[in-house]
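K.L.:
Take this sequence and fold it.
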Amino acid sequence: MAWLHSAPKRHDKDDNPPSRLRSLTDDSPAKALPDADDYITMCFDLSGMCLSGAMGAVPLTWQEVGAFIRHSGYSLDGWEAEQVIKMSMSYCSMLSKANKLGCPPPYQKGITSEDAKQAMRDRVSAQWDAFEKKLEVKKRA
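P.N.:
Residues are numbered from 1 along each chain as shown. I've put the predicted structure just below:
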């Protein structure tokens, strides 16, 4: 989700770039998230995914997850709570990495060679270019 939520800048003066989630087409394979436990992912989403720190996104803490459990009515055992925290750590890490324009989605299966990774980067870049052209046409109209 962090990769989809990130909004890499196309150039230095790009003050408000759209997120990948908004700019990729609905049928884009990059939007196909990997399988995950529905209950844990719902709790992760409801807990806010991360905290806001002075330097950006910060992972959820045990205290935050405990407060979520106490006040939300959702029950998480120790292992499930730990998974929510690990998901938050991964989310924050990817949020930072994904701000680079050529960053491929971390969950695409079967991509191991550098050539395949570069081909994916090129496809993502082309999708961004197409999206920007659509925005320019709309602004002119």
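K.L.:
and the residue lying closest to Ala81 once chain neighbours are set aside, how many residues sit next to it?
P.N.:
What sits nearest to Ala81 in space, not counting adjacent residues and going by C-beta to C-beta, 6 or more residues apart in numbering, is Val65, at 4.9 Å. Placement of C-beta: from N, CA and C, glycine included. Look at Val65: counted by other C-beta atoms under 10 Å, it has 21 neighbours.
K.L.:
likewise Cys50?
P.N.:
With other C-beta under 10 Å as criterion, Cys50 counts 20.
K.L.:
And Ala126, by the same measure?
P.N.:
Other residues within reach of Ala126, judged by other C-beta under 10 Å, total 10.
K.L.:
quick one: average pLDDT of the helix or strand where it lies?
P.N.:
For Ala126, the host element (DSSP states H and E) is helix 114-140. Average pLDDT, helix 114-140: 68.
K.L.:
Hmm, Leu76 and the residue nearest to Ala81 touching each other?
P.N.:
Yes: between Val65 and Leu76 there is a contact under C-beta atoms under 8 Å: 7.1 Å.
K.L.:
Mutual contacts of these two, please.
P.N.:
Common neighbours of Val65 and Leu76, using C-beta atoms under 8 Å, 6 or more residues apart in numbering, are Val84.
K.L.:
contacting residues for the residue nearest to Ala81?
P.N.:
47, 76, 81, 84-85.
K.L.:
Turn these into CSV, columns for distance to Asp35.
P.N.:
Converted to CSV, the contacts of Val65 look like this (distance: C-beta to C-beta, whole Å):
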residue, distance to Asp35
Ser47, 20
Leu76, 19
Ala81, 21
Val84, 17
Ile85, 20
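K.L.:
most surrounded residue in the residues you listed?
P.N.:
Val84 (25 neighbours).
K.L.:
give me the element that one is part of.
P.N.:
Element membership of Val84, judged by DSSP H and E, is helix 78-97.
K.L.:
ditto for Ala57
P.N.:
Per DSSP H and E: Ala57 is located in strand 56-58.
K.L.:
Tell me, what's the model's pLDDT at the nearest residue to Leu46 once chain neighbours are set aside?
P.N.:
Closest residue in space to Leu46, ignoring its immediate chain neighbours: Ser72 at 6.5 Å, by C-beta to C-beta, 6+ apart. pLDDT for Ser72: 94.
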